[in-house]
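# Here is the input, now give the coordinates:
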Amino acid sequence: MLNTGEIVNLQSSMTDGTEGEVKTSGTVGAGGGIAATSIGTYADGKSIVGFITPLMPSATNVGEVQYAYLARRGEILRCLPVGYPEQTNIPFGLYQGPIQLQAGDTIRVLTGKSAAELRQINYNVVASDGTNAIFSAQPTTATSGSVSLTHILSGQSLGQSLTGRQIVNHYAVGLEGLRYAGGSLLLVNDRGLPAGGTVVNNVQNNPMKDNMVGTAIVQLNWEAQVVLIA
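Numbering: from 1, shown residues only. Below is the predicted model:
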C-alpha cells in the first residue's frame with residue numbers, strides 16, 4: 001500500500017532455495033495489470049506505508065517464505081513481514097515508518113519446501129541506528145547441540161554484524177520451534193549465557209508478530225542461536 005492510496009499487487013515465480021525478486025504483478029483483475037516491474041522502478045519517489053497481507057507462498061504451494069526484505073544498493077534496507085495463505089493474516093504497518101522508494105529498490109525473498117529448507121530458522125532484527133539485518137541457519141535433524149545463525153548477505157555472526165548496537169525490535173520465524181529450548185531463539189553472550197531472545201513463530205499456525213521484548217546491546221562475540229532439544 002502506497003502513500004498515494006494505490007494498492008500494488010506483488011507476484012512472482014520463485015526458485016526454491018534461491019533468493020529472488022518479487023515484482024509487481026502483470027495479472028491483476030480481468031482487465032489485466034501492469035508489466036512485472038521492480039517496486040522501486042514502479043513507485044520511484046512514492047512511499048510504502050504498509051502491507052495488506054504479508055509476503056507468502058501461493059495457496060497451491062506447500063512451501064514457505066523464509067524471509068523477505070527491501071534491498072537498496074545490495075544491502076537490507078528493511079525487513080518485511082512473511083506469512084502463510086491458510087492463516088488469518090492482518091494488515092502490517094511498518095515499525096520504522098513509511099519507506100520512500102528509489103529507482104533500483106527491489107523486494108527480495110527466499111522460499112523453500114524441501115525437508116532441509118523447511119527446517120530453516122530466520123531471525124529479523126532492527127537496531128537503534130536504523131540498521132536492519134536477517135540471520136539464518138538450517139538446523140539438521142540432530143536432537144542436541146546449539147546452532148548459530150549467520151547474516152544472509154555477509155555470512156557474519158550476530159556479534160560481528162551488530163557490535164555495540166542496541167536491538168530495538170526483532171522476530172524469529174521457523175516451523176520447528178518445538179525442537180528448540182524454550183521454543184526460542186537466544187542471544188548468547190561471550191560467556192555462553194543467554195542475554196536476550198525471542199519466541200520462534202511458526203507462521204503456518206500464527207500470524208507473524210515483531211516485538212520489543214528480549215532485546216539487548218550486542219557485543220562482538222555474541223551469537224544468535226537455537227538449542228536443539230528434540
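
# how about the lowest-mean-pLDDT helix or strand in the chain as CSV, C-alpha atoms only?
Least confident helix or strand, the chain: helix 115-118 with a mean of 87, by mean pLDDT, DSSP states H and E. Extracted in CSV, the C-alpha atoms of helix 115-118 (Å, rounded to 0.1, in the frame of the first residue of the first chain):
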residue,chain,number,x,y,z
ALA,A,115,12.8,-31.1,4.1
ALA,A,116,16.1,-29.3,4.8
GLU,A,117,14.7,-25.9,3.7
LEU,A,118,11.6,-26.2,5.9
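
# and it, what does it pack onto?
Packing partners of helix 115-118 (3 or more C-beta pairs under 8 Å, 6 or more residues apart in numbering; DSSP states H and E): strand 64-72. Any C-beta I mention is one placed from the backbone N, CA and C, and that applies to glycine too.

# Show me which parts of the following helix or strand past the strand it packs on are buried, residue by residue.
Going down the chain from strand 64-72, the next helix or strand is strand 75-79, by DSSP states H and E. Going by neighbour count (16 or more other C-beta atoms under 10 Å), the buried part of strand 75-79 is I76, L77, R78, C79.

# Could I get those residues in JSON lines, plus columns for distance to Q160 and pLDDT?
Converted to JSON lines, these look like this (distance: C-beta to C-beta, whole Å; pLDDT from 0 to 100):
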{"residue": "I76", "distance to Q160": "15", "pLDDT": "98"}
{"residue": "L77", "distance to Q160": "20", "pLDDT": "98"}
{"residue": "R78", "distance to Q160": "21", "pLDDT": "97"}
{"residue": "C79", "distance to Q160": "19", "pLDDT": "97"}
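
# Name the residue closest to the centre of this structure, please.
Y67 (3.4 Å; C-alpha atoms, centre = their mean).

# Just the pLDDT for the nearest residue to it once chain neighbours are set aside.
Spatial nearest neighbour of Y67, excluding adjacent residues (C-beta to C-beta, 6 or more residues apart in numbering): N122 at 4.5 Å. For N122, the model assigns a pLDDT of 97.

# which element is N122 on?
According to DSSP H and E, N122 maps onto strand 121-127.

# Show me what that strand pairs with in its sheet, parallel or antiparallel.
Strand pairing for strand 121-127, using DSSP bridges, gives strand 132-137 (antiparallel), strand 167-173 (antiparallel).

# What are the buried residues along the shortest one?
The neighbour-count check on strand 132-137 (16+ other C-beta under 10 Å) flags N132, A133, I134, F135, S136, A137 as buried.

# cool, and the longest one?
Judged by neighbour count using 16+ other C-beta under 10 Å, the buried positions of strand 167-173 are I167, N169, H170, Y171, A172, V173.
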